[in-house]
Structure formats: C-alpha cells, structure tokens
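the amino acid sequence is not available; the structure is as follows:
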C-alpha cells in the first residue's frame, strides 16, 4: 500500500467513451448501489440503517487484500482518526455500548474505504457518472419519502427485518435504524406537534443533511448535461423537491444550500461568469413566491416563532458537550450520554451536531483529526479545474457547513463518495 500526493491545476484527463446509463449494480459496485439507488429496496426490507456499513466491510476487505492499493495523502488525518477513536472504547461500560460504537466506527471507516476504493478502481470499470447518477437517485428517493412523510405522518410499522429478529427487533437501536416511519413528529423542541419528513433515516435532521449533500449530484445528473428531455425532467423533479424541503422546516438544510449557492455564484462571478448569479437571484425570488402563495410559508413562520425553545435546548446541549469534553479531553466519553437529571424527552449529549459529537464522544484530538481531513478535502477539491469537479466540491462544502448542527451519521459515508469522485477528477 502506498500514499501519494495530489496534483492541481492540471489539464483534464481524457475520459473513455461513456457507457449507457444504468441503475443496475455490478459485483464491484453493489455496496454503493445498496445505499443509493437501491435505498427503496433496503427500506422495504428494513435494512436502511445497516446498508451504510457495507462500504466499510466490503471495500475494506478489498483494500486490505490488495498490496498495490494507493492511499492519497489527504486521507492521513482520517486514518489517524480511525485509530485514535478506538481509545474511546475505554469509556464504554456495557456490551450494547460496544456494538453501538462499532456501528458508528464502521460509518467513519466507510468514508475512508469508499474514497480509497474509488481512487484505485479504473474509470472504465466503474464510471464516475454512474456513481453520480446513483447519488441523484437517492436524492429523488428522499424527495418521494418527503412527500410520504407529509401525506402519512403517523405511519409507523415494524419492518420485515424487525419481524425476523423478534424481540430484538423492538430494542432501541435496532428499532431506530430499521423501522418503517415516514415522518418525525416533534413537539418538545418546537412548541407544537410538527410532522417532518424523516425516512429512510430515523430523524428529520438526517433526511435534511442527506438532501443537502446530494443536491449537487442531482444537479449534475439531471440538469447539467446535454440531453434536453432529461434536463426538463430534472427541472420538474427539482421543483417537486422544493416542497418537502420547505415543509421540513430544516434550518440547517436551508443554510447549507444557501451558503453553497452563494459560494458557487461568487466563485463563478470572479471568473467573469454571471449566469450562476442570475440563478441565485431567480432562486431567491422563486422561494419567496412559494412562501407567500403556499401553506409552506405559514409552516416556516410557525417554526421561526417557536424557535426560541429549540435554540435554548440546543444551546444547553452544546454547553453540556463542551463541559463533558473538558472532563475527558483526549479520548472523550465513548458515546453520547444523557445528563444527570435531564428531561428524558431531550436528546443525549453529543447528538446534535457532528462537531459536538466528535468533541464529546472522541475528545478534542479526534475532533481535530476528522475536521482536518474534511477541511483538507474541501480545500483540495476546490482547486480541481474540471467541470465535474465543481459538483463534488460543492457537496463537500455543504457537508462542512452542516458539521456544527447535523450529526451526519450515517451521511459521513457520502463524504467519502464525494471525496473519492473528486480525487478522480484530479489527474494527480
């Protein structure tokens, strides 16, 4: 195994003749397919929370069996992170806690193994555009689930996977990652019951985080390409996605998409291309119109009116995470925990934001290593000069913006896909 550097500002590598688009997997790609284009099938089986572990297991085995595998230098902080956080297990006191730790560790490992696998597998064997199409398919799937959450907010059923497991299927963690539920109804943090799209994740924040990260891939797959018919369908799908995005009242999603759009328009404008600026203005006008003429505007206003309690609760959780991290600054506390005497309806410490999770669960060293990797990938991908490099870079930018307020587990695996595709755009 070798570690290599990255070249920038080089001429694009000639691409092979593109193959016909397909949502079908191969023996090489099925782990990525299972968590993207095949998410509806995974959800029907009740495996929607477990398929995210497949890249770590399958790609990890492939990487370990190949002595010629190349590790980009940018992955060094992530490799160190995966080793360092194993020390956090010293703070875990139960068998269930170790299983939960393993699940989360596999998600972080999946980011690394996916990145490395994509860097090493030939383009002609696994075309980047195929992976982008699968990511876009997952975006469309989330939009459909969003509408189901709006129409069937009270739907909750055990999945086939839970039924097979019997009593184990009703246990807390297993139930969270495998049950059928289209929406999350919140009242403790918003002041009034509010059903919000969640499936195929166990929380609406997971849905919003994934929608945000996947949006650049949807744009690349359906909007930015020469097929007029596909582009028209893409515009229709994009407009359809606006409704659940607004109804979800997911402020973190709105902020991350807004930052990405402004950032994209600004960088293009600096290079003399004003088209994205006009897209930014048009988007702002269209969203404003939707808020005025549809019920979504009232939902957003209600969220803003009731946000004080939510903000106070988040601030308390952030303060608890900070103080808890100070008590174990090197290796953290091993897992999210509830504060003594806290309201059982409130979430555990370390669950409202990847930044606070890393700080509290894995300590300041783990947090620094992971953020160094993610920030490094954002900076490196921003220097890639190919057209497709833009979209993977924007996905990473959106992910970085979401770090303070979204847990991003299991969405962290999407970071690995975006970074791996970005490395492919870099001829170094």
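Alright, I've got the coordinates. Since the model is a prediction, treat every value here as computed from it, not as a measurement. Numbering: from 1, shown residues only.

quick one: the strands in the protein, in order.
Using DSSP state E, the strands of the chain run over residues 2-4, 70-72, 156-157, 180-181, 183-186, 194-197.

for residue 407, find the nearest of these.
With C-beta to C-beta, the closest approach to residue 407 among those belongs to strand 183-186: 13.4 Å. Placement of C-beta: from N, CA and C, glycine included.

adjacent strands (with direction) for that closest one?
Sheet pairing for strand 183-186, assigned by DSSP bridges, gives strand 194-197 (antiparallel).

could you give me the average pLDDT of the partner strand?
Mean pLDDT, strand 194-197: 84.

tabulate the strands of the chain in TSV, adding columns for distance to residue 245 and mean neighbour count.
Putting the strands of the chain into TSV (distance: least, C-beta to C-beta, whole Å; neighbours: other C-beta atoms under 10 Å) gives the following:
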stretch	distance to residue 245	mean neighbour count
strand 2-4	39	11
strand 70-72	33	18
strand 156-157	23	11
strand 180-181	19	20
strand 183-186	14	20
strand 194-197	9	23
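
turn these into TSV, including distance to residue 251.
As requested, these are arranged in TSV below (distance: least, C-beta to C-beta, whole Å):
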stretch	distance to residue 251
strand 2-4	39
strand 70-72	34
strand 156-157	25
strand 180-181	22
strand 183-186	13
strand 194-197	11
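
who touches the residue lying closest to residue 86 once chain neighbours are set aside in this structure?
Setting aside the residues directly before and after it, residue 86 is nearest to residue 105 in space (C-beta to C-beta, 6 or more residues apart in numbering), at 7.6 Å. Contact analysis of residue 105 by C-beta atoms under 8 Å, 6 or more residues apart in numbering lists 82, 85, 86.

name the member of the residues you listed with the most neighbours.
Tallying neighbours with other C-beta atoms under 10 Å puts residue 85 at the head of those, with 25 neighbours.

for residue 133, find the nearest of the strands of the chain.
Of all those, strand 194-197 sits nearest to residue 133, with 22.9 Å by C-beta to C-beta.

name the residues that touch stretch 180-187?
Residues outside stretch 180-187 that contact it (C-beta under 8 Å, 6+ apart) are 43, 46, 145, 148-150, 152-159, 193-199, 202-204.

still on that earlier bit, and which of the contacts of residue 105 is nearest residue 264?
The shortest approach to residue 264 among those belongs to residue 82, at 31.6 Å (C-beta to C-beta).

for that closest one, what are its contacts?
Contact analysis of residue 82 by C-beta under 8 Å, 6+ apart lists 105, 108, 109, 112.

switch to 10 Å and redo it
Residues near residue 82 by C-beta atoms under 10 Å, 6 or more residues apart in numbering: 56, 75, 105, 108, 109, 111, 112, 113, 366, 369, 370.

look at the residue nearest to residue 86 and report its pLDDT.
We note a pLDDT of 98 for residue 105 in this prediction.

what distance do you get for it to residue 49?
Residue 105 sits 15 Å away from residue 49, going by C-beta to C-beta, to the nearest Å.

could you point out where the stretch 201-350 of the chain is predicted with low confidence?
Low-confidence segments of the stretch 201-350 of the chain (pLDDT under 70): 274-281, 283-284, 286-313, 341-345.

can you pull out the helices in it?
With DSSP state H, counting those that start in this stretch as the criterion, the stretch 201-350 of the chain has helices at 204-218, 228-247, 251-270, 275-293, 296-305, 307-327.

chain neighbours aside, what residue packs nearest to residue 143?
Here the residue nearest residue 143, using C-beta to C-beta, 6+ apart, is residue 241, at 4.4 Å.

report the contact partners of the one you found.
By C-beta under 10 Å, 6+ apart, the residues touching residue 241 are 139, 140, 142, 143, 144, 146, 147, 211, 215, 218.

contact partners for the nearest residue to the second one once chain neighbours are set aside?
By the measure of C-beta to C-beta, 6+ apart, the closest residue to residue 140 outside its immediate chain neighbours is residue 237, 6.1 Å from it. Residues counted as contacts of residue 237 (C-beta under 10 Å, 6+ apart) are 136, 139, 140, 143, 218, 222, 223.

and residue 237, how close does it get to residue 266?
Residue 237 is 26 Å from residue 266, by C-beta to C-beta.

likewise residue 422?
Going from residue 422 to residue 266 by C-beta to C-beta gives 20 Å.

neighbour count for those two, which is higher?
residue 422 (30 against 12).

ok, the more buried one touching residue 385?
No - at 11.8 Å, residue 422 and residue 385 do not qualify as touching, with contact defined as C-beta atoms under 10 Å.

name the nearest residue to residue 361, ignoring sequence neighbours.
Nearest residue to residue 361 in three dimensions, chain neighbours excluded: residue 332, at 4.8 Å (C-beta to C-beta, 6+ apart).

confirm for me that the one you found is in contact with residue 363.
Yes - with contacts counted by C-beta under 10 Å, residue 332 reaches residue 363, the gap being 3.8 Å.

higher neighbour count, the two?
Shown here are residue 332 and residue 363; by other C-beta under 10 Å, residue 332 has more neighbours (28 against 24).

so what's the more buried one up against?
Taking C-beta under 10 Å, 6+ apart, one finds 84-85, 87-88, 90-91, 324-325, 350, 357-367 in contact with residue 332.
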